[in-house]
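Trainee: Sequence and predicted model, in that order:
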Amino acid sequence: MSSHLAVLQISTDAEELYRRILRSGPSTLAPIAADLGWSLSLATEALESLIGNRLVRETVDGLILVEHPRPALERLLGDEEARLDTRRRELVDARAAIARFTAEHRAAGASRGAPETKPVWEIVSSQMAVSMVENTLRSTTGLIRNSVLSLQVGPGLDEEGARMRRAALAGGREQRAIYSIEALEDPTGRRWVRSMADAGEQQRVSASPPSEFAIFGGDVVLAMAEWGSAQSDHIVIRNPMLIAAFTTMFDYAWDLAHPMPGARRDISQDRQLLILLASGVKDEAIARYLGWGLRTVRRRVAKLMDDLGAQTRFQLGAAAQSRGLLKAGVTTSSG
């Protein structure tokens, strides 16, 4: 029989006895042991485990009473999760100590005349990335820049990480995020984006964000180890030159990205359409971004081509550019 409670340090025998007690109701141990074909000593050992975990209790006359399984097991799971959280924080602290040990080793090498070597990043498993995000949020200051390819996986999407990010926003810490247009297709992803926008996050969307990474002030970059992937191990970068390169890349992508749908009303729909076309965004992605049907996108493109006397989309872009229609505050005459 497979054990479902082994993760809670409850043996297979104790779990089987627990199941039998749940089914049989109040009883002494001897008849239950006989039903199971166990010796009384084996049953007593299993019972002691259940009593120690407060799943059952034994009266003075030997009657075994069972607690309601839901609150009893939820309590055990909560205790185990608390231990895991503590262990995760300990591991994050241990990882942070690597930098100190490395510095001591480097200093010792320098005193011996050895050449200095310094890794430009550390590899962090996906399991450790969540704790790394939480620790970095606590230990850094300044603008947070976040480039997001997926809203289904990632260390910043867990409940505690999201709570800490919203708390940072509430405390006045500025955050900017570039989201992939494709990431907004999922209803859960859209709810996530709205919740972060409500908390004060500055948001833009792009047909092709650079990759999946987060920059915490000028101190740390947490990025996917495989460029352009949202599902790989992570790297932690503390090298100032690389942090500056990531920051420059993000700021450039931010300038090229588009306003979040519904976030701005000062851009006419036709100008939005022209800007997206000029950026090379495909019709399907434009439809998702603007909340239109694909036929509506193509119909309005055709109307703009007629209005501006263009035979091709390339000519449409050139005409829009020459007439200044891609500049802020300029609208087209089409309806």
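Mentor: The structure has been received and is ready for your questions.
Trainee: Could you use CA atoms for every contact and neighbour count after this?
Mentor: Fine.
Trainee: Show me the shaky parts of the stretch 201-335 of the chain.
Mentor: Applying pLDDT under 70 to the stretch 201-335 of the chain picks out residues 262-267, 327-335.
Trainee: As a check, name the ranges of all helices in it.
Mentor: Counting by DSSP state H, counting those that start in this stretch, one finds helices in the stretch 201-335 of the chain at the ranges 240-256, 269-278, 283-290, 294-308, 313-322.
Trainee: same deal with the stretch 51-200 of the chain?
Mentor: Using DSSP H, counting those that start in this stretch, helices in the stretch 51-200 of the chain cover 69-111, 126-139, 159-170, 187-199.
Trainee: So which of those is the most surrounded?
Mentor: The highest average neighbour count among the helices of the stretch 51-200 of the chain, using mean count of other CA atoms under 10 Å, belongs to helix 126-139 at a mean of 18.
Trainee: Just want the angle from that one to helix 159-170.
Mentor: 20 degrees (axes from the mean of the first three to the mean of the last three CA atoms, to 10 degrees).
Trainee: can you give me the mean pLDDT across helix 126-139?
Mentor: Averaged over helix 126-139, pLDDT sits at 78.
Trainee: So which elements touch it?
Mentor: helix 69-111, helix 159-170 (3 or more CA pairs under 8 Å, 6 or more residues apart in numbering; DSSP states H and E).
Trainee: rank the ones you listed by mean pLDDT and give me the bottom one.
Mentor: helix 69-111 (a mean of 72).
Trainee: of all the helices of the stretch 51-200 of the chain, which lies closest to Phe246?
Mentor: Closest approach to Phe246 among the helices of the stretch 51-200 of the chain (CA to CA): helix 126-139, 16.8 Å.
Trainee: so how far is the first residue of stretch 139-159 from its last?
Mentor: Separation of the first and last residues of stretch 139-159 by CA to CA, to the nearest Å is 19 Å.
Trainee: Wait, Ala257 touches Ala177, no?
Mentor: No. Ala257 is beyond contact range of Ala177, at 10.3 Å (criterion: CA atoms under 8 Å).
Trainee: Need the residues touching each of these two.
Mentor: Shared contacts of Ala257 and Ala177, defined by CA atoms under 8 Å, 6 or more residues apart in numbering, comprise Arg204.
Trainee: quick one on the thing from earlier: mean neighbour count added to the helices of the stretch 201-335 of the chain, as JSON lines?
Mentor: Formatted as JSON lines, the helices of the stretch 201-335 of the chain follow (neighbours: other CA atoms under 10 Å):
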{"stretch": "helix 240-256", "mean neighbour count": "15"}
{"stretch": "helix 269-278", "mean neighbour count": "19"}
{"stretch": "helix 283-290", "mean neighbour count": "18"}
{"stretch": "helix 294-308", "mean neighbour count": "16"}
{"stretch": "helix 313-322", "mean neighbour count": "16"}
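Trainee: Quick one: these as CSV, columns for distance to Asp233 too.
Mentor: Shown next, in CSV, are the helices of the stretch 201-335 of the chain (distance: least, CA to CA, whole Å):
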stretch, distance to Asp233
helix 240-256, 18
helix 269-278, 33
helix 283-290, 28
helix 294-308, 37
helix 313-322, 41
